[in-house]
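In: how would this look folded up:
(one chain, ligands or ions: 2)
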Amino acid sequence: MNILVIGNGGREHAILLALAKSKKVDKLYCMKGNAGIGEIAELVNVDYCNIQAVGDWLDDHPEVDYTVVAPDDPLALGLVDELERRGHRCFGPNKAAARIESSKAFAKELMRKYGIPTAEYATFDDYDEALAYVHRVGAPIVLKADGLALGKGVLICKTMQEAEDGLKEIMLDKAFGAAGNKIVIEEMMVGKQFTPGEEVSVLCFTDGKTIVPMVTSCDHKRAQDGDVGLNTGGMGTFTPCPFYHEEEERETMEKIILPTMHAMNAEGCPFKGVLYFGLMRTNKGMRVVEYNSRFGDPETQVVLPMLKTDLLEIFEAITDERLADIKIEWEEGACVCVVLASGGYPVKYAKGKEITIGTMPKDVQIIHAGTAIKDGKLVTNGGRVLGVVAKADTVEEARRKAYQAVESVSWEGMFYRHDIGIKYRG
Ligand code: AMP
Ligand code: GLY
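Out: Ligands and ions are numbered 1, 2, ... in the order given. The predicted model follows:
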């Protein structure tokens, strides 16, 4: 089969590397890809947020048998609906189902209606009403721009002053653009031992009838060591999550994962694809922080290397709604991804800096995110540039290998976190 993957980040590179291992795959394409992806797939230069243009390209390329839509924006725009309408087989939720990520208000209403544990909340599109609510409830409080904001539209406000400033930033100054036309205001969830609670990402394969969790992972959203600095798309990940044991697993499956699948069916928008549960272990048990309608980035970079089953077989089983017939198997052991970013990310950063990469040892893989080839040279082309992914028996060992490999990568202004893989230990 010839497969097209939509997207251009580290997640897509990881998906393509997993697909490249499939016996069923003849040729890989990627729209738009990056320098690393260009080594294993033919790059297609079409704007994937223009869903008509993607449909036209596929109509003109009947040799492509299957399309995987990986990023959130084309899913939210209805790319899967458009491709299916034109008769193309593809992977990913349709527009109605993708609302579980594209509208925080939709996700919160769903959880409230079906009793899925999450933070208490209220939604506003009027600034004065939102301000009155903040004054009534008090700090600490969490403010979230309703629409997609690259994981950056969330403000954790410890004081009333921070809450007032944040509200103005989102709703009046429109710091996150139109995503801030509507705001979700949430109770701050706190943990048993840590404040706030410990977080875990549980990505699941689902065809709307069966839902199968992947190995667990932990993200590091803040830009700097020790979880300080601005929120980013994610500065590193590791698998498995150290605090997610059988008890958490059972509780999550029973109270969160299965009820969410059933809720989407009951709402008339069955979810087919990868449903990502961003969870927090709080003093009230496991609760949902957010849903994503897709593979996480950089979670995918550590999760898919552990997958033993053919990824394309899983994708096709989901499309054909026969996921229950497949046995999905995982390797034992651990994996760590350290993200290497451009100086200044997530705010302002330079592009076009030449990258040098040394020889990588066995069990270490360089995943490309914001990279390009310019005048025959590998250069930076985004905020998150590379992921250094190492596998080993334990997280400690994988972490050591990853950081050793980081030593042989450099460009002007490169920065990374030094503490990926340490949290929640012991
Ligand atoms: P989100 O984009 O919704 O995943 O939020 C980004 C980050 O903000 C999460 O990973 C949490 O660390 C934090 N966060 C979001 N909502 C809450 C909440 N209600 N209570 C505590 N922390 C939160
Ligand atoms: N790493 C978090 C996300 O993909 O949204």
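In: quick one: low-confidence ranges for the chain?
Out: The model of the chain has pLDDT under 70 over residues 148-152, 193-194, 426.
In: what parts of it come near ligand 2?
Out: G151, D219, G234, N292, G296, D297, E299 (Cβ under 6 Å from any ligand atom). Backbone N, C-alpha and C define where each C-beta goes, glycine included.
In: switch these over to JSON lines; also include secondary structure and distance to T206.
Out: Formatted as JSON lines, the residues of the chain next to ligand 2 follow (DSSP: H, G, I helix; E, B strand; the rest coil; distance: Cβ to Cβ, whole Å):
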{"residue": "G151", "secondary structure": "coil", "distance to T206": "22"}
{"residue": "D219", "secondary structure": "strand", "distance to T206": "21"}
{"residue": "G234", "secondary structure": "coil", "distance to T206": "22"}
{"residue": "N292", "secondary structure": "strand", "distance to T206": "13"}
{"residue": "G296", "secondary structure": "coil", "distance to T206": "15"}
{"residue": "D297", "secondary structure": "coil", "distance to T206": "19"}
{"residue": "E299", "secondary structure": "helix", "distance to T206": "16"}
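In: contacts only, for the most centrally placed residue in the chain.
Out: Central residue of the chain (Cα atoms, centre = their mean): G296, 2.0 Å from the mean position. G296 makes contact with R11, S201, L203, S217, D219, G234, T237, Y276, according to Cβ atoms under 8 Å, 6 or more residues apart in numbering.
In: how about the contacts made by the fourth one?
Out: With Cβ under 8 Å, 6+ apart as the criterion, the residues that contact S217 are V200, S201, L203, T237, F238, T239, P240, C241, G296, E299, V302, V303.
In: for ligand 1, see how far away it is.
Out: Separation of S217 from ligand 1 (Cβ to the nearest ligand atom, to the nearest Å) stands at 13 Å.
In: do T123 as well
Out: Taken as Cβ to the nearest ligand atom, the span from T123 to ligand 1 is 14 Å.
In: can I assume that residue is in contact with A105?
Out: Yes. Counting by Cβ atoms under 8 Å, A105 is a contact partner of T123 at 4.8 Å.
In: so what's in contact with these two at the same time?
Out: Contacts common to T123 and A105, judged by Cβ under 8 Å, 6+ apart, are D146, K182, V184.
In: report how many residues lie close to the second one.
Out: Under the neighbour criterion other Cβ atoms under 10 Å, K182 is assigned a count of 20.
In: dihedrals phi and psi, the residue nearest to it when sequence neighbours are not counted?
Out: Leaving aside its chain neighbours, K182 sits nearest to D146 (3.8 Å; criterion: Cβ to Cβ, 6 or more residues apart in numbering). D146 adopts backbone torsions of phi -70, psi -40, taken as degrees, to the nearest 10.
In: with R136 instead?
Out: phi -70, psi -40.
In: what residues are up against the residue nearest to K182?
Out: Taking Cβ under 8 Å, 6+ apart, one finds S103, K104, A105, T123, A179, G180, N181, K182, I183, V184 in contact with D146.
In: one more time with 7 Å
Out: S103, K104, A105, A179, K182, I183, V184 (Cβ atoms under 7 Å, 6 or more residues apart in numbering).
In: in TSV: these, plus secondary structure.
Out: Compiled in TSV, these are given as follows (DSSP: H, G, I helix; E, B strand; the rest coil):
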residue	secondary structure
S103	coil
K104	helix
A105	helix
A179	helix
K182	coil
I183	strand
V184	strand
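In: between the shared contacts of T123 and A105, which sits nearest R384?
Out: For those, the minimum distance to R384 (Cβ to Cβ) is 24.3 Å, reached by D146.
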